[in-house]
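>>> Got a predicted structure here, sequence first:
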Amino acid sequence: MITEIVEFEVKPGTAEKFIAGVEASRPLFERSPGFISLELHLTVENSLVFVLLIQWETVAHHMEMFRNSPEYGLWRGNIGEFMAGPPRLQHTETKLRY
């Protein structure tokens, strides 16, 4: 299992709209091959920074299939206007889980 970790900084005053945009995108992810789950976290230290955790079966399911699908454009359309800058992205591979 792969976890996509994305850190977003949103523009002041847009946090609730960003959350709504992520929520509206749920069906886009759910119909994407290899999608497992999604969590959105708000950082305690900075109320403008969110961390999105998306679990995929493989990196290819995210980087090749989802990012080259029409759903990706719709996803970015739902959240793009609220971002203060480009998101920071990384992938991790689960090694231990308790």
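Looks like it came in fine.

>>> Next up, phi/psi of residue 80, please.
Here is the backbone geometry of residue 80 (degrees, to the nearest 10): phi -60, psi -40.

>>> what's the answer for the one 10 residues further on, then?
Per-residue torsions, residue 90: phi -150, psi 160 (degrees, to the nearest 10).

>>> what residue is smack in the middle of this structure?
Nearest to the mean C-alpha position of the chain, by CA atoms, centre = their mean, lies residue 52 at 4.5 Å.

>>> for that residue, what are its contacts?
For residue 52, the contact set (CB atoms under 8 Å, 6 or more residues apart in numbering) comprises 4, 5, 6, 7, 8, 22, 38, 39, 40, 41. (Glycine included, C-beta is placed from N, CA and C.)

>>> Please flag which of the residues you listed sit within strands.
Judged by DSSP state E, the contacts of residue 52 include 4, 5, 6, 7, 8, 38, 39, 40, 41 as members of strands.

>>> and the two most separated of the residues you listed?
Greatest spatial distance in these: 7 and 38, 14.8 Å, computed using CB to CB.

>>> Run through who's touching stretch 82-91.
Residues contacting stretch 82-91 (CB under 8 Å, 6+ apart): 2-11, 14, 17-18, 21, 48, 59, 62.
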